[in-house]
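> quick check, what structure comes out for this input:
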Amino acid sequence: AILVAITEAVVSTQSTGFTRSLPKLSTVQVSRLEYPETNLEAVQNLENNLEKMLMDKIMEWRERHVTRWNRHCRVLMKQILPRLELGTMTEDEEQSTLAELLNSHNVTGFPMNMRYADAKTIVESVFSTNVHVAEDPAVEFALSVYIHPYPNNVLSVWIYVATLQKKY
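From the prediction side, this is the model:
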């Protein structure tokens, strides 16, 4: 609306042959944007709570089956996730990190990345992968969460979820 009014004023003064200066308009944009630091302790608590919540949800979704967790795989995935956020992890390096596990297990899984909006959205995203549907009684699960904080409470959430079956 302001742009239209200024344009009309310029046109009307030009069409009549009068030259008149228009009032100087100031910007509403602040001269400097300041973003507050994100509370790292709160981020760590959220990361721990999300990981526990997702593990509990997977067990809940598998109520008719025993859910076994592979802690070693979880630790390895936890090493991978920060490097994925920074873009410094290649597929070969990921395979190398998981090499020992891949020699003894068939591993099916993947990392997921999303912004943090709320826990419900993240739970729904993990549920939609159907990783919990695995029915083999010998299947093991691994899940790891990493949250990378940015200023102004912007959070990048990484979730690595996998199933493991021992090779015979």
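> describe which strands the helix or strand encompassing residue 143 pairs with in its sheet and in which direction.
Per DSSP states H and E, residue 143 falls inside strand 140-150. Here strand 140-150 has these sheet partners by DSSP bridges: strand 68-69 (parallel), strand 154-166 (antiparallel).
> centre of the chain versus the first one, how much separation?
Averaging C-alpha coordinates over strand 68-69 and over its chain gives two centres that are 24 Å apart (Cα atoms, centre = their mean, to the nearest Å).
> tell me which helix or strand comes right after it.
For strand 68-69, the succeeding helix or strand toward the C-terminus, using DSSP H and E, is helix 71-86.
> what residue ranges in this protein are flagged as low confidence?
With pLDDT under 70 as the threshold, the chain has low-confidence stretches at 1-19.
> swap the cut-off to 50 and go again
Low-confidence regions of the chain, defined here as pLDDT under 50, cover residues 1-9, 11.
> name the helices or strands packed onto the longest helix along it?
Residue-count comparison of every helix in the chain, with assignments taken from DSSP state H, identifies helix 40-61 as the longest. Helix 40-61 makes packing contacts with helix 119-127, strand 140-150, strand 154-166 when contacts are defined by 3 or more Cβ pairs under 8 Å, 6 or more residues apart in numbering; DSSP states H and E. Glycine gets a C-beta too; all of them are placed from N, C-alpha and C.
> would you mind giving the ones you listed as JSON lines with distance to residue 97 and mean neighbour count added?
What follows is these, written out as JSON lines (distance: least, Cβ to Cβ, whole Å; neighbours: other Cβ atoms under 10 Å):
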{"stretch": "helix 119-127", "distance to residue 97": "22", "mean neighbour count": "15"}
{"stretch": "strand 140-150", "distance to residue 97": "12", "mean neighbour count": "21"}
{"stretch": "strand 154-166", "distance to residue 97": "11", "mean neighbour count": "19"}
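> among these, which is nearest residue 104?
Each of these has some distance to residue 104 by Cβ to Cβ; the shortest is strand 154-166, at 6.5 Å.
> find the nearest non-adjacent residue to residue 79, please.
Once its chain neighbours are removed from consideration, residue 79 has its nearest residue in residue 97; the separation is 6.2 Å (Cβ to Cβ, 6 or more residues apart in numbering).
> hmm, back to that, contact partners of the strand holding residue 143?
Residues external to strand 140-150 that are found in contact with it (Cβ atoms under 8 Å, 6 or more residues apart in numbering): 38, 40, 43, 46-47, 50-51, 54-55, 58, 67-70, 73-75, 77-78, 81-82, 85, 105, 109, 116, 131, 134, 155-165.
> what subset of those residues is buried?
When burial is judged by neighbour count using 16 or more other Cβ atoms under 10 Å, the buried members of the contacts of strand 140-150 are 38, 43, 46-47, 50-51, 54-55, 58, 67, 70, 73-74, 77-78, 81, 85, 105, 109, 116, 131, 134, 155, 157-164.
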